[in-house]
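**Q** sequence and predicted structure are below.
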Amino acid sequence: MASQSKQPPLTRRDVLKLLGLAGVSSVAAKFVVDSPLLPFHMVEASRDAEQSTRPGHRWGMVIDLEHCTGCGYCTNACQATNNLPDDIHWNVITTEQTRNEREYYLPRPCLHCDNPPCTDVCPVGATYKRDDGLVVMDYDKCIGCRYCQVACPYGARSFNWKTPEPGSYSPDWGDPEVEQRQRGVVEKCSFCIQRIDAGLEAGLTPGEDPEATPACCNACPASARFFGDLNDPRSRVSLLLQDRPYLLLRDDLGTASRVYYLLPEGGI
Amino acid sequence: MSKQKKPAEKKMLSRLITPLVNDLKERPLFYVWIAFLLAVFGVAGVAAVLTWTRGLEVTGLSNQVPWGLWITVDLSAVALGAGSFATAALVYFLGAKRFAPISRVALLIGFLADTGTGMVLMLDLGRPDRFYHPIIYWNTKSLLWIITWSVILYISILVIELAPALLESRWVERWPIARQISHQIHKATPVVAFLGIIISLIHLAATGATYGILRGRPVWFDPAMPLIFLVSGIFAGLSFTIMVIVVTSRIMRRELVKRRLLNELGKITGWVIVVCGIVRVIDMAANYYFSYKPFLGESTNLLYEMTPYSLSLTLGEFLFGLVIPLIIFFNPDLRWRHRNLVVAGLSTTAGLLLCRWNTTLSGLVATVSYSPSNPGVQFFPYSPTWVEWAAVAGVLAYAGLAYTLAVRFLPIFETHEEARIVERPPEPAPVAAT
């Protein structure tokens, strides 16, 4: 190796060095592009949003503010089905007033944003957006730093400040379908992911078959709450959105939430 | 066998105890101070056990205000420890080798600050048993992930940089290999210090970006946030380091660092404060005057109304953080006196704490509602419980304890190797000093 006195144009070592350099720099480039300190990932996020027109499911919810009576059945069913302690609510109903001083009720589950502010901030990737658009939690990864809670503009996330106690809504409002979360993790509405996944496996259609539909939509007595595939033009939710004007909560933040609110008569 | 051992044991014990008793007689205050710190640490231990057994319900935090005193202390500690990388930058990057005698104590403060941050985080996390998750589960987009990695890497670097202090101490003098290792580390120090500077810069800026990227919170959402946190951290860290050196010199009744050097460092700190002030004023003008950010004005008004935000902003960030230290650091007569350097250090520290406290809470206690009909800002109160205060006191006690013991028993100020750097004749190609 050492006897090469004349300098050849390229030795094997040089090639290996170059390859190594290329590898290191591509890793570094990937790292830089992924980093939140640079604007590139915003470009990526918008690309993600465009991709949502691709085939496959895109789950969404439609809530009719005209029909909602504020009875709270959706919350009760949610508490029972998702095995929530009485001091944590995934679905919250507030009373609002229109400009004409007319009262209406605003139920708020997790909005499962298309461009969620909560997922990018999680230091361990315990919350992330699935391909079908659901923003899900991995309770076994969560370290309880509560950054996602701070980042969520809708207050849709709850932290388990203490060891959760069994809730009082079951069995009157349904049977618990999931385990209770541990103390010290953040939890939120999952669009009843257990029903969607099990239903699809059993060949059911979420949004049409009650077994595969979120408990809140099944429980609504005023037919104000619908669930379905936004990518399917013939689904109930798609048809409703074609017919009536709707709004998205805090749309100015660019979260592109997937809970659509049909406006009450006379607007808000 | 046992009969033979007994006198030997006794001898050993007396060999250990007699100097201790003599030392106790010689300087009782040292032991009172240590006992006090241990007592505080004990109370904090109770608080920690309470937090781990009962969960975070023992704090004053809520779902609306999920971050509070502990995060504030984390961020402040990171900033107050920034003197370590600032002096390292002066010594190894800007070629001001004369500051080398300060670098080791600055590194020690940085080490205590970052380990203290880690301790607070172990309480603040809902699942402290999963503290290692950011190491194995990566989300490179997350600023908290970046901060976690910065803390880990920077603590490792500080351990390497501080190892000579341990290896040169009289405890390991009998093994010559310790000296050799220490010498090798010294040779590698410029490279290690350079890495430390980079990681520290990322670390400090990321603490600001943690808030700055959150679009849902108008008080925070600000591209200047990382810069403000970086610059304010540098001057507060430098000023804090100066203060610690002055106070330590006073207690030990020795001139640990040349007065001229502290004086010069004070002047540099003053210039960093000027930069920070300019950035802060431009940022405020950009946010409140030259642009419109939805709900920013409403949030600020609500904060003025419901909290002493206006007072803590003007008093804390401007009077304590800018005006008082600027007057001291830019007046040659004032900054020559050690007492004034302590005043400046206390003032910037108070300003920095208030700044971090304001930042952390302003975005949380004034939250923009999602209501489509009545968009507005809601107020959520927060006040820390005794558990939170006790834990903070415990971390301060830990830092005080470790610092006291290190200064007494390790060569923190008597740095022979670094003294040699200063005395060495100028290198053939000297780096231009600023």
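**A** All right, it came through fine.

**Q** so where's chain B uncertain?
**A** For chain B, residues meeting the criterion pLDDT under 70 lie at B:1-10, B:414-434.

**Q** which residues does whichever residue of the stretch 101-250 of chain A sits closest to chain B contact?
**A** As assessed by Cβ to the nearest Cβ, chain B sits closest to residue A:144 within the stretch 101-250 of chain A, at 1.9 Å. (Glycine included, C-beta is placed from N, CA and C.) Listed by Cβ atoms under 8 Å, 6 or more residues apart in numbering or on different chains, the contact set of residue A:144 reads A:159, A:184, A:185, A:186, B:56, B:125, B:126, B:127, B:130.

**Q** taking those one by one, which sit in strands?
**A** Among these, the members found in strands (DSSP state E) are A:159, A:186.

**Q** quick one: which of the contacts of residue A:144 is nearest to residue B:115?
**A** residue B:125 (15.7 Å; Cβ to Cβ).

**Q** tell me the contacts of that closest one?
**A** A:143, A:144, A:145, A:184, B:131.

**Q** need the three-state assignment for residue B:135.
**A** Secondary structure, DSSP: H, G, I helix; E, B strand; the rest coil: residue B:135 is helix.

**Q** now the one 3 residues further on
**A** The three-state label for residue B:138, taken from three-state DSSP, comes out as coil.

**Q** one step back: give me the buried subset of the contacts of residue B:125.
**A** Among the contacts of residue B:125, those buried by neighbour count (16 or more other Cβ atoms under 10 Å in any protein chain shown) are A:143, A:144, A:145, A:184.

**Q** need phi/psi at the third one.
**A** In this case it means residue A:145. Note on residue A:145: backbone dihedrals following degrees, to the nearest 10 are phi -80, psi -20.

**Q** got it, and the second one?
**A** Dihedral angles of residue A:144 (phi, psi; degrees, to the nearest 10) stand at phi 80, psi 40.

**Q** name the nearest of the contacts of residue B:125 relative to residue A:77.
**A** The closest of those, once distances to residue A:77 are taken by Cβ to Cβ, is residue A:184, at 26.6 Å.

**Q** pretty sure the closest one contacts residue A:160?
**A** Yes: here residue A:184 reaches residue A:160: they are 6.0 Å apart, a contact under Cβ atoms under 8 Å.

**Q** show me the common contact partners of the two, please.
**A** B:55, B:126.

**Q** now the residue of chain B at minimum distance from chain A, what are its backbone angles?
**A** Going by Cβ to the nearest Cβ, chain A is nearest to residue B:126 of chain B, at 1.9 Å. Phi and psi for residue B:126, reported as degrees, to the nearest 10, are phi -70, psi -30.

**Q** neighbours around it, how many?
**A** 21 (other Cβ atoms under 10 Å in any protein chain shown).

**Q** please name the residues that touch it.
**A** Per Cβ under 8 Å, 6+ apart, neighbours of residue B:126: A:142-146, A:159-160, A:183-186, B:55-56.

**Q** rerun at 10 Å
**A** Contact analysis of residue B:126 by Cβ atoms under 10 Å, 6 or more residues apart in numbering or on different chains lists A:142-146, A:159-161, A:182-186, B:55-56, B:66.
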